[in-house]
Structure formats: C-alpha cells, structure tokens
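1. I would like the atomic coordinates for the input below:
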Amino acid sequence: MTAIRELDLALPDGRKLHAYDSEVGDGVLMWHHGTPNIGLPPEPLFATPDRLGIRWIGYDRPGYGGSDSLPRRSVASAATDAVAVADALGVARFAVMGHSGGSPHALACAALVPDCVTGVVAVSTLAPPDAAGLDWFAGMGPTGTAALRAAAAGREAKEAYEAGAAEADPDFVHADWDAIMGGPWGWFGNVVGPALAAGPAALIDDDLAYVTPWGFDPRAIGVPVLLLHGASDRVAPPAHAEWLARAIPGVELRMMPSEGHVSVLNHADDALAWLDSSAAFHGRGS
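-> Numbers count the residues shown, from 1 in each chain. The predicted model follows:
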C-alpha cells in the first residue's frame, strides 16, 4: 500500500499550500485534482505506480483543503504553484496528470513551464472557453450547463447560483455510477467531502477560471500529451477533447467507447504505462 506524506508549504507570496508526496519512485507524477476535490493522489491507481516506479505528488488547489485561497486565480496560476511544490520537494522534472477540472491545470503546466514538465495525461478535460469553432456547452448535461453558465455571467451570479443550488444529478452516465457505486472510484467520496467542508468558495473560483481566458495557448504545448476521454461524457463533452487534439501538436487522443466522465478512469492504468514509456519521464524525477 502506498503511503502518502502530507505537508504544508510556505510560498514566497505568503500563501500556504497543502501538499502530498508518496516519496518513492524514480519518475515523479504530479496529480491535479478535479472540482470539487482535494489533492490527495488517486488511491485506485496506486498499484500501477508502485509497479512502474512512479512517485506521486500533488497539492490542494488554492482554497481547497489545507491550502490558502488565491483571489481571482486563473488556470494558468497552477504552473506557478506546481513549480513551488516541486521545488519544495526537491523535484526538478515531473509529469502531470489531471482528471476533469484538474486537466486544464495540468495542461497549463505543460504550456508554461515546459523545462519542468516531461509529459501530460489529461483525463476528461474541458477545452478553453474561447476555443475557436467549438460550441462549448453542446453535449453538456443540465447540471454542468447551469453551473458554468452562472460562472460565465460573473462572480456575483455564480455566488448567487451556489447559494440557491439544490443537490442535483452530476450529469453522470450509467457507466460512471457503476464505477463509483460498485467499483474502485467510490474513492472520490474521500476527496469531495473535505473539499466542500469550508463551503463552495474554492469551487466557485474553479468554475470562474474554467470559463474565463486560461492564460495560455494549448497550441504552445511541446511535451508529449495523452488525452483520455469517455465518448459518453456529459460533464466534459467529447468535442472538448477532440478540439484539444486538433490544437496540441503531436497529441494522442484515446476516446473510449461507452465510457463517461468517471468510468474512463478505469483505463488510466494504460495511460500511466504510456507515460512510463517516455524516455523523458523515466528516471528523471529529481
């Protein structure tokens, strides 16, 4: 069983980030969590990193868990925080992996700090809100559409929406519920509750970041990228991954038939093997 050390890091700007580190492995993989989660690396994938020699690191995005908030943060701000975490842990180069809302943040690291990032696995990702030719809300379920349209209307509208929002279907398909209720991805229950313990403020910051300019151009990414996506995803529609696959040079897109937003993670072991096969990643963790 992989043991995870937790620690608080003091940043140069005075903020605190709560970080995670499995400490063992010759290639480092930084996990970027979804919305609303904390940054605890994903336990259902631990057996594969142990076998491949992958060291997990991660952190709670600002406002979540043990990390201080960062007013008006953008997706791009993740690159600065990721490097700060890596530096504090003595890591020079690392790969990044994100799921759902964590994937844009992982892509930001690849675009903005390419000297540090060896490769990217982006699972169930959104595309930028200004993606040319993409009908951004098409194919998105009603819950996500309402939440993100409220964010697109501005902070006041988003705060009002969250204040009045009742518990709603998260736009999951049957395969997602199977992965959660009867499969290993019930693990998400361990990271959603703590993420919401202090209220919806960090979730609001996330959603505002997704629907405003991200602060980087995906076409500038020059490291290996694997996009893993479910063809039945109603949270992040497949067209988002397809747009990114056209935009990012040399990207590999794996569109998994019948899989949804969460159930596609059942194929993440193969994605980790793809990452481990990269000469730039293997043995270059620190």
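
2. Where does Leu228 sit: helix, strand or coil?
-> strand (DSSP: H, G, I helix; E, B strand; the rest coil).

3. pretty sure it is in contact with Val264, am I right?
-> Yes: with contact defined as CB atoms under 8 Å, Leu228 counts as touching Val264 (6.0 Å). Yep, even glycine has a C-beta here, placed from its N, CA and C like the rest.

4. overlap in contacts of these two?
-> Each of Val123, Ser124, Met256 lies in contact with both Leu228 and Val264 under the rule CB atoms under 8 Å, 6 or more residues apart in numbering.

5. So what pairs up with the first one in the strands?
-> When you say that, I think you mean Val123. His99, Leu228 (DSSP bridges).

6. Report the contact partners of it.
-> Val123 is in contact with Met97, Gly98, His99, Ser100, Ser103, Leu227, Leu228, His229, Val264, Leu265, Ala268, Ala271, counting by CB under 8 Å, 6+ apart.

7. and the fifth one, how far is that from Val173?
-> Here the criterion is CB to CB, to the nearest Å. By it, Ser103 lies 19 Å from Val173.

8. okay, these two: which has more neighbours?
-> Higher neighbour count among Ser103 and Val173: Ser103, with 30 against 19, using other CB atoms under 10 Å.

9. The more buried one belongs to a strand?
-> No: for Ser103, which was evaluated using three-state DSSP, the result is helix, with no strand membership.

10. now the closest residue to it other than its chain neighbours: how far from His99?
-> By the measure of CB to CB, 6 or more residues apart in numbering, the closest residue to Ser103 outside its immediate chain neighbours is Thr125, 3.4 Å from it. According to CB to CB, Thr125 stands 8 Å off from His99.

11. Pretty sure Leu29 sits in a strand.
-> Yes: according to three-state DSSP, the state of Leu29 is that of a strand.

12. OK, contacts around the residue most central in space within the chain?
-> For the chain, the residue nearest the mean C-alpha position is Gly102 (1.4 Å; CA atoms, centre = their mean). With contact set as CB under 8 Å, 6+ apart, Gly102 has these partners: Trp31, His32, His33, Gly34, Asn37.
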